[in-house]
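Participant: Provided below are the primary sequence and the corresponding predicted coordinates.
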Amino acid sequence: MYQCKNCLKNINANISSFLFILSSRPKQYPYRLKAHWCKRSDSNQQKTKSSNTQELPSNFNKTFVKEKIKPSTDPGGKGLEIEKEIQVCPDCYHDLNKQHS
Ligand SMILES: [Zn+2]
């Protein structure tokens, strides 16, 4: 149960609420070096897994794990950031979308 912020009616349970964006502002995201860490997808890695299923590599320790994980940078850029949004009922959401489109 929630109150629609547009029509101020109390909405019963089991009826979905929607977030309607009233305003947004431009946002500049910075360049971040080594922001994401992900596993490498080498073709050699798949061959060793399929052929040597029971044998572990000789260098299976922390250095082996470090070799498999590769950092990638986040290039940053421009985007939109939500400034203000309201929780509305399905009827109001469709009406507001028609008005703003
Ligand atoms: Zn409403």
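Facilitator: Now that the structure is in, tell me what you want to look at.

Participant: can we go C-alpha only for contacts and neighbour counts from here?
Facilitator: Fine.

Participant: How about the contacts made by the spatially most central residue of the chain?
Facilitator: Ranked by distance to the mean C-alpha position of the chain (CA atoms, centre = their mean), the top residue is His36 at 13.0 Å. With contact set as CA atoms under 8 Å, 6 or more residues apart in numbering, His36 has these partners: 71-74.

Participant: Then Glu83?
Facilitator: Contact analysis of Glu83 by CA under 8 Å, 6+ apart lists 21-25.

Participant: at 6 Å what do you get?
Facilitator: Glu83 makes contact with 23-24, according to CA atoms under 6 Å, 6 or more residues apart in numbering.

Participant: what helix or strand is it on?
Facilitator: strand 77-88 (DSSP states H and E).

Participant: can you count the residues close to Lys68?
Facilitator: Counted with other CA atoms under 10 Å, residues neighbouring Lys68 total 13.

Participant: same question, Thr73
Facilitator: Neighbour tally, Thr73, other CA under 10 Å: 12.

Participant: which SS state does it fall under?
Facilitator: strand (DSSP: H, G, I helix; E, B strand; the rest coil).

Participant: element containing the residue nearest to the centre of the chain, please.
Facilitator: Short version, using DSSP H and E: His36 is in strand 32-39.

Participant: for Ser16, same thing?
Facilitator: Ser16 is part of no helix or strand when elements are defined by DSSP H and E.
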